[in-house]
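Novice: no sequence for this one, just the structure:
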């Protein structure tokens, strides 16, 4: 079993390895990435590990950002000294959430959960993940976005949004009528309240409505360049990691 530990504190990484080896003596550990950047690089350049242990607080930010940069297929067990991120953890493919210092009994239960998943068929895994991950399974779609600018409060129907985007660390929406407004929600939050069949996050900067796609062009590295309507001054290219899922989404077969 190949286990990747993403941890920026060497003593914590070594202690976790020692505990895991007591439970799973055949475990193999690649060199531990210590940052979002190095974790993304490792996941892009290497075959997927069987299991991921990730600290949430890394040197360059929260490890949740890794999931915006690269497709993570392995089950994830988050390890952290803080309990306030549990909800965020279960929005991605997390199977457990352990608090530091990790207790062996908790680790044993987490590993048993992982072994149960690997013993099941794909359909059984999806069903079980819905039980383990009720946040993702019970996604609550939002019908409207509340916008505040100056003394004005405005409502915009989400179905009227052509795309959401980030510019200079400010989040915006653009309506189908080409009206643009700053919004409070970031793109991570918007992903949790929009309909996956209608909206797709093509890269770190854009979430697009399928109805706003005017034209698509084949691009380098098997990517797709999108021409949006209303037009957008920013280049809108589906990232390499998201391209396969984007093509599935276009046909309505993405899960």
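Specialist: Thanks, I have the structure now. Just so it is clear, the structure is predicted and the values come from calculations on it, not from any experiment.

Novice: and the strands in the stretch 51-200 of the chain?
Specialist: Under the criterion DSSP state E, counting those that start in this stretch, strands of the stretch 51-200 of the chain are mapped to 51-55, 57-58, 61-62, 76-80, 94-99, 144-149, 152-157, 161-167, 170-175, 180-183, 199-201.

Novice: pLDDT below threshold where in the stretch 101-250 of the chain?
Specialist: Along the stretch 101-250 of the chain, the model assigns pLDDT under 70 to residues 119-140.

Novice: now do the helices in it.
Specialist: For the stretch 101-250 of the chain, the helices defined by DSSP state H, counting those that start in this stretch cover 104-118, 122-132, 134-137, 187-191, 243-251.

Novice: on that earlier part again, make JSON lines out of the strands of the stretch 51-200 of the chain and add mean neighbour count and distance to residue 242.
Specialist: Where C-beta positions appear, they are placed from N, C-alpha and C, glycine not excepted. Formatted as JSON lines, those follow (neighbours: other CB atoms under 10 Å; distance: least, CB to CB, whole Å):
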{"stretch": "strand 51-55", "mean neighbour count": "24", "distance to residue 242": "19"}
{"stretch": "strand 57-58", "mean neighbour count": "18", "distance to residue 242": "22"}
{"stretch": "strand 61-62", "mean neighbour count": "14", "distance to residue 242": "20"}
{"stretch": "strand 76-80", "mean neighbour count": "24", "distance to residue 242": "18"}
{"stretch": "strand 94-99", "mean neighbour count": "20", "distance to residue 242": "20"}
{"stretch": "strand 144-149", "mean neighbour count": "14", "distance to residue 242": "23"}
{"stretch": "strand 152-157", "mean neighbour count": "11", "distance to residue 242": "25"}
{"stretch": "strand 161-167", "mean neighbour count": "21", "distance to residue 242": "15"}
{"stretch": "strand 170-175", "mean neighbour count": "17", "distance to residue 242": "19"}
{"stretch": "strand 180-183", "mean neighbour count": "15", "distance to residue 242": "22"}
{"stretch": "strand 199-201", "mean neighbour count": "23", "distance to residue 242": "7"}
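
Novice: the nearest residue to residue 160 once chain neighbours are set aside and residue 109: what is the separation?
Specialist: Spatially, and ignoring its direct neighbours in sequence, residue 160 is nearest to residue 175 (5.2 Å; CB to CB, 6 or more residues apart in numbering). For residue 175, the distance to residue 109 equals 48 Å [CB to CB, to the nearest Å].

Novice: contact partners for the closest residue to residue 250 other than its chain neighbours?
Specialist: Excluding the flanking residues, the one nearest residue 250 by CB to CB, 6+ apart is residue 210, at 7.4 Å. Contact partners of residue 210, counting by CB atoms under 8 Å, 6 or more residues apart in numbering, are 197-200, 249-250.

Novice: ends of stretch 165-181, what's the gap?
Specialist: Start and end residues of stretch 165-181 are separated by 10 Å (CA to CA, to the nearest Å).

Novice: swap in stretch 26-35?
Specialist: Termini of stretch 26-35 sit 26 Å apart (CA to CA).

Novice: buried stuff in that stretch?
Specialist: Using 16 or more other CB atoms under 10 Å as the test for burial, stretch 26-35 gives 27, 29, 32-35.

Novice: same check on stretch 208-220?
Specialist: Quick answer for stretch 208-220 (16+ other CB under 10 Å): 208-209, 212-213.

Novice: farthest-apart pair in these, please.
Specialist: Between any two of these, the greatest separation by CB to CB is 8.0 Å, found for 209 and 213.

Novice: tell me the domain ranges of this protein?
Specialist: Following automatic domain parsing, one finds the domains of the chain at 3-137, 144-251.

Novice: tell me the contacts of the closest residue in space to residue 176 that isn't next to it in sequence?
Specialist: Once flanking residues are discounted, residue 176 sits nearest to residue 162: 4.9 Å by CB to CB, 6+ apart. By CB under 8 Å, 6+ apart, the contact set of residue 162 is 174-176, 178, 208-209, 211-212, 228-230.
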